[in-house]
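Engineer: Sequence first, then the predicted structure:
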Amino acid sequence: MPDNFKILYSIGNSLVSQGRYGDAIPYYKRATELEPKNPNGWNNLGVAYAANREYDKAICALIKAVRLKGDYASAWVNLGLCYENLGYHKQAAKMISKYIENAPNDAPDIEFMNERVKELENEKDKPTLILPDSLLNIN
């Protein structure tokens, strides 16, 4: 495996474009080891984990991405989708709200996402997720 972030990241992206998310994970993992302060590597690692239904690992990677770049809209929505898939609708709504806050004003899905937040806020959560807002620096 190469020791170059750009090469590893590109290989991961190529595998993802082929739908080979599980195969992309080791490339993104190595990329994040080489450049741990690059939020793109963490976001893509999170997406690959989520596509592989490894939501706990996806959430950890995506939290790292938003900690490194608080206005990273894509990472916020990806985090929201992970929580939604786990049945934690209120947390998903918070994450998608952060996406809306940070997405470009002309993003084509803003209206849809606003509606989705309202729906999620009204859905029943699975019990027992304890994740303080302070962990993500949101209130």
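Structural biologist: Okay, I see it. Residues are numbered from 1 along each chain as shown.
Engineer: you'd agree R116 is up against Y99?
Structural biologist: No: R116 is beyond contact range of Y99, at 9.9 Å (criterion: C-beta atoms under 8 Å). Just so you know, the C-beta spots here come from the backbone N, C-alpha and C atoms, and that holds for glycine as well.
Engineer: of those two, who's got more company?
Structural biologist: It is Y99, of R116 and Y99, that has more neighbours when counted by other C-beta atoms under 10 Å, with 24 against 21.
Engineer: how about the closest residue to S97 other than its chain neighbours, what does it touch?
Structural biologist: Excluding the flanking residues, the one nearest S97 by C-beta to C-beta, 6 or more residues apart in numbering is V117, at 5.5 Å. Listed by C-beta atoms under 8 Å, 6 or more residues apart in numbering, the contact partners of V117 are 93, 96-97, 100.
Engineer: Now pLDDT too, for those, in CSV please.
Structural biologist: CSV is the format used below for those (pLDDT from 0 to 100):
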residue, pLDDT
A93, 91
I96, 89
S97, 90
I100, 87
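Engineer: What average pLDDT does stretch 108-126 get?
Structural biologist: Averaging pLDDT along stretch 108-126 yields 80.
Engineer: Apologies, that question was intended for stretch 26-37.
Structural biologist: Averaged across stretch 26-37, pLDDT comes to 98.
Engineer: could you dump that stretch to PDB, C-alpha only?
Structural biologist: Output in PDB follows, covering the C-alpha atoms of stretch 26-37 (Å, rounded to 0.1, in the frame of the first residue of the first chain):
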ATOM      1  CA  PRO A  26      -8.300   0.300   4.300                       C
ATOM      2  CA  TYR A  27      -7.200   3.000   1.800                       C
ATOM      3  CA  TYR A  28      -9.100   5.700   3.600                       C
ATOM      4  CA  LYS A  29      -7.900   4.500   7.000                       C
ATOM      5  CA  ARG A  30      -4.300   4.600   5.800                       C
ATOM      6  CA  ALA A  31      -4.900   8.100   4.300                       C
ATOM      7  CA  THR A  32      -6.200   9.300   7.600                       C
ATOM      8  CA  GLU A  33      -3.100   7.900   9.400                       C
ATOM      9  CA  LEU A  34      -0.900   9.800   7.000                       C
ATOM     10  CA  GLU A  35      -2.900  13.100   7.200                       C
ATOM     11  CA  PRO A  36      -5.000  12.900  10.400                       C
ATOM     12  CA  LYS A  37      -5.900  16.600  10.200                       C
END
